[in-house]
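Visitor: I need the structure of the sequence given here:
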Amino acid sequence: MFGRLNLKADASPVPQPAPSWWRPRWLNRDLMYLLAGRALRSLAQGYLLIIVPLYLSILGYDAEHLGILFAASAATSAVLVAAIGVLSDRFGRKTLLIVISLMTAGGGVVFALSSNFIVLVAGAALGTIGRGGGIGSGGAWGPYYPAEQALIAEQAADHQRTTIFGALSFVGVIASAAGSLLAHAPQLMHRLGGTTVIEGYRVLFAATAVIGVAMALVIVPVRETHRYPARPEPRPHGRHPQPPAPRRPFGLAISRESWRLIVRFMVTSSIQGLAVGMLGPFVVYWFYRRYGVGAGTLGTLFFFINLTAALPYLMAGRLARRLGAVSTVVWTRSISVVLLFVLAVMPTFGLAAVVFAVRTIFNTLGLPVRQSYLMGVVRPDERASAAGLANFPVNATGSISPYFAGVMMQHIALSLPLEIAAVLMGLNTTLYYFFFRNIRPPEERVIEEEIIKEPIEET
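Guide: Next up is the predicted model:
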């Protein structure tokens, strides 16, 4: 679990441009467009994460209403995550990224034009508003994620894959930090321009619609190399009949070997989803109710937290090479679980802000490692399907827990959802270790094979 891994070989070479003073060797043209798409999406999610709960509160809706809206958004996101993943491997990952970007634009339009709760719920479901993945995640969440993850893995050599996912998260978190500052805009517009705060929020929702269109446009130039394998033509009957096609359970384009892994990911993801639903949508509301801080203060806090969480992402590849992918995930998440318990009992906003910032760093540091690990242990032609199905339970169970979290905050104890989320994340971490501790991605298997061969060659 704690062994050091030094990677020297690459099992999947990818054409790479010559490095320059500003561009690493792995950063090709298509990855630049994909990084731009992630930056745009994270920019919008950076302020939506803050303003959506506060916008609903100003409109007069309580924690139960927030739970209903976030549950509806999560339920729709769950269906879309699985559908986008499977359809991406069949019809193209790039096409589905464009579709989901335009859906985000549609959700922004709905929020900009209406204050009716039922309409807002529909808009949140359409654009999966409120499914940004939390502070420091850099936008690695929701139905956009399976197709993007697989499309990026196409561009990555095995030994660089985790580094690239770390750089992607770095860009996303920096953009989220900028988005967090935009949460100040409604108050500034109110002070300087005389508009109401609600009108300021609606301007940001309109900006979300524009960003959604820009997300779609920036993906158009990306070249997709993956093609869903065409069905082979039947051979005439003779002495050498065509061998039977590999059995693919449930009629999906996924092999039995990959299904064994995906089921394990689904089990851990289902528990993670319960925790995320308890915590993610309500952190802003918890700070607001517990310490009486508003959008301006929280926007500044989240800006600095995103900046603080960004730099460790650049260390993700190195950390995974040193400890191994599974050990990196287990260690970082274990520390974040302990800090979440501590956060729930902090007496002042200042102490809570510090604990929350440190906890965010450890909680998100393993994110690109988990993304890269999944892409490494499944077949390349099944990556989007695997990402969609493996992350379906996160959104499915995450659609259940927000309502109960809202009820608990409203009627039992404000911090109870945070404490339950910590317990669930601890269970998730334990299962992740026991499920995957003996399963190595290609880059780690290469090194193990080299280590085994060395004594043989010496003799």
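
Visitor: show me where pLDDT drops low in the stretch 51-200 of the chain?
Guide: 85-86, 89, 130-142, 156-160 (pLDDT under 70).

Visitor: where along it do the helices fall?
Guide: 63-91, 93-113, 117-127, 144-154, 161-182, 185-193, 197-219 (DSSP state H, counting those that start in this stretch).

Visitor: out of those helices, the one nearest P347 is which?
Guide: helix 63-91 (22.0 Å; Cβ to Cβ). The way it works is simple: take the backbone N, C-alpha and C, and place the C-beta from them, glycine included.

Visitor: next, the angle from that closest one to helix 144-154.
Guide: Interaxial angle, helix 63-91 versus helix 144-154 (axes from the mean of the first three to the mean of the last three Cα atoms, to 10 degrees): 40 degrees.

Visitor: run through the neighbouring helices and strands of helix 63-91.
Guide: helix 29-58, helix 93-113, helix 117-127, helix 144-154, helix 256-279, helix 383-398, helix 401-411 (3 or more Cβ pairs under 8 Å, 6 or more residues apart in numbering; DSSP states H and E).

Visitor: wait, which of those helices is closest to F170?
Guide: Judged by Cβ to Cβ, the one of the helices and strands packed on helix 63-91 that comes nearest to F170 is helix 29-58, at 9.4 Å.

Visitor: distance between the closest one and the chain's centre?
Guide: Remark: helix 29-58 is offset 12 Å from the chain centroid, using Cα atoms, centre = their mean, to the nearest Å.

Visitor: buried residues, it. List them.
Guide: 30-31, 33-58 (16 or more other Cβ atoms under 10 Å).

Visitor: kindly report the same for stretch 395-409.
Guide: 395-406, 408-409.

Visitor: quick one: end-to-end distance for that stretch.
Guide: 21 Å (Cα to Cα, to the nearest Å).

Visitor: against T360, how distant is L301?
Guide: L301 sits 11 Å away from T360, taking Cβ to Cβ, to the nearest Å as the criterion.

Visitor: so these two - more neighbours on which side?
Guide: T360 (24 against 21; other Cβ atoms under 10 Å).

Visitor: my read: that one touches L307, true?
Guide: No. Applying Cβ atoms under 8 Å, one finds T360 not in contact with L307, separated by 11.0 Å.

Visitor: re the thing from before, and the helices and strands packed on helix 63-91: which comes nearest G172?
Guide: Among these, helix 29-58 sits nearest to G172 (Cβ to Cβ), with 3.9 Å.

Visitor: just to revisit the earlier point, for the buried residues of stretch 395-409, which one is nearest M266?
Guide: Checking these one by one against M266 (Cβ to Cβ), the nearest turns out to be A396, at 9.4 Å.

Visitor: residues in contact with R202?
Guide: Taking Cβ atoms under 8 Å, 6 or more residues apart in numbering, we find R202 in contact with F111, A112, L113.

Visitor: try 7 Å
Guide: A112 (Cβ atoms under 7 Å, 6 or more residues apart in numbering).

Visitor: count the neighbours of G166 for me.
Guide: 26.

Visitor: measure it to L319 for me?
Guide: Distance from G166 to L319, by Cβ to Cβ: 9 Å.

Visitor: and the buried residues of stretch 395-409 as JSON lines, adding pLDDT and distance to I219?
Guide: JSON lines is the format used below for the buried residues of stretch 395-409 (pLDDT from 0 to 100; distance: Cβ to Cβ, whole Å):
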{"residue": "N395", "pLDDT": "71", "distance to I219": "22"}
{"residue": "A396", "pLDDT": "75", "distance to I219": "26"}
{"residue": "T397", "pLDDT": "78", "distance to I219": "29"}
{"residue": "G398", "pLDDT": "73", "distance to I219": "26"}
{"residue": "S399", "pLDDT": "71", "distance to I219": "27"}
{"residue": "I400", "pLDDT": "76", "distance to I219": "32"}
{"residue": "S401", "pLDDT": "74", "distance to I219": "32"}
{"residue": "P402", "pLDDT": "73", "distance to I219": "30"}
{"residue": "Y403", "pLDDT": "73", "distance to I219": "34"}
{"residue": "F404", "pLDDT": "78", "distance to I219": "37"}
{"residue": "A405", "pLDDT": "77", "distance to I219": "34"}
{"residue": "G406", "pLDDT": "75", "distance to I219": "35"}
{"residue": "M408", "pLDDT": "80", "distance to I219": "40"}
{"residue": "M409", "pLDDT": "73", "distance to I219": "38"}
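
Visitor: burial check on T332, number of neighbours?
Guide: Neighbour count for T332, taken as other Cβ under 10 Å: 23.

Visitor: so what pLDDT did the closest residue in space to it that isn't next to it in sequence get?
Guide: Of all residues beyond its chain neighbours, the one nearest T332 is G366 (4.0 Å), with distances taken as Cβ to Cβ, 6 or more residues apart in numbering. pLDDT for G366: 79.

Visitor: and if you look at I211?
Guide: For I211, pLDDT reads 92.

Visitor: so who does the closest residue to it other than its chain neighbours touch?
Guide: The shortest distance from I211 to any non-neighbouring residue, by Cβ to Cβ, 6+ apart, is to A44 (4.6 Å). By Cβ under 7 Å, 6+ apart, the residues touching A44 are G179, T208, I211.

Visitor: please tell me how far A44 sits from L339.
Guide: 28 Å.

Visitor: next one: L416
Guide: L416 is 18 Å from L339, by Cβ to Cβ.

Visitor: these two: which is more packed in?
Guide: L339 (19 against 15).

Visitor: okay, the angle between the helix or strand containing the more buried one and helix 256-279?
Guide: Element membership of L339 [criterion: DSSP states H and E] is helix 325-343. Orientation check (the same axes, to 10 degrees): helix 325-343 against helix 256-279 gives 10 degrees.

Visitor: residues of helix 325-343 that come out buried?
Guide: Residues of helix 325-343 classed as buried: 325-337, 339-341, 343 (neighbour count, 16+ other Cβ under 10 Å).

Visitor: quick one on the thing from earlier: in a markdown table: the helices and strands packed on helix 63-91, plus distance to Y313.
Guide: Converted to a markdown table, the helices and strands packed on helix 63-91 look like this (distance: least, Cβ to Cβ, whole Å):
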| stretch | distance to Y313 |
| --- | --- |
| helix 29-58 | 12 |
| helix 93-113 | 22 |
| helix 117-127 | 26 |
| helix 144-154 | 14 |
| helix 256-279 | 19 |
| helix 383-398 | 19 |
| helix 401-411 | 27 |
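
Visitor: good, we can wrap up now.
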